[in-house]
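Q: Following is a predicted model, sequence given first.
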Amino acid sequence: MSVVTAKELKRQTGRILREVREDGKEVVITYRGRPVARIVPTRSGETAEKVLESVWLDMDRLADEISRRWPEGVSAEDAVREQRRDL
């Protein structure tokens, strides 16, 4: 697995995507030293629709998990506002 900065991704997008496509490499993208994204090759035979369907199913599962753990009586707006105060 390769690790590249966001700046390097911007400058070397073609090369990085070629490595993913041709060599099957996974690439982690960092921003200010922290991982923020991952580029992975698709599995053989996957279409964009199948990939998107999988992503949306994952998002639905994550939303369900967050809902189960969300504290009673706290709105998302209040939670965001509270986090911004901490900054």
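A: Yep, it's here. Values in this document were obtained by computation on a predicted structure and should not be read as measured data.
Q: Just the mean pLDDT for the top helix by length along the chain, thanks.
A: Longest helix in the chain by number of residues (criterion: DSSP state H): helix 48-69. In this model, helix 48-69 has a mean pLDDT of 92.
Q: And for stretch 34-45?
A: 89.
Q: Outside of it itself, list whatever touches it.
A: 3, 6, 16-17, 20-21, 24-30, 51 (Cβ atoms under 8 Å, 6 or more residues apart in numbering). (C-beta placed from N, C-alpha, C; glycine too.)
Q: if you set the cut-off to 7 Å instead, what comes out?
A: Val20, Arg21, Gly24, Glu26, Val27, Val28, Ile29, Thr30, Val51 (Cβ atoms under 7 Å, 6 or more residues apart in numbering).
Q: Would you point out the most distant pair within those?
A: With Cβ to Cβ as the measure, no two of the contacts of stretch 34-45 lie farther apart than Thr30 and Val51, at 23.2 Å.
Q: Which of these two has more residues huddled nearby?
A: Using other Cβ atoms under 10 Å as the criterion, Thr30 and Val51 rank with Thr30 on top: 16 against 12.
Q: could you measure the more buried one against Ala6, distance?
A: 7 Å (Cβ to Cβ, to the nearest Å).
Q: Could you do Val51 as well?
A: For Val51 relative to Ala6 (Cβ to Cβ), the value is 22 Å.
Q: what's the answer for Thr47, then?
A: 28 Å.
Q: cool, Trp56 as well?
A: In terms of Cβ to Cβ, Trp56 sits 25 Å off from Ala6.
Q: Pick out whichever of those two has more residues nearby.
A: Ala6 (13 against 10).
Q: Correct me if wrong: the more buried one contacts Ile29.
A: Yes - the criterion here is Cβ atoms under 7 Å, and Ala6 meets it with Ile29 at 5.9 Å.
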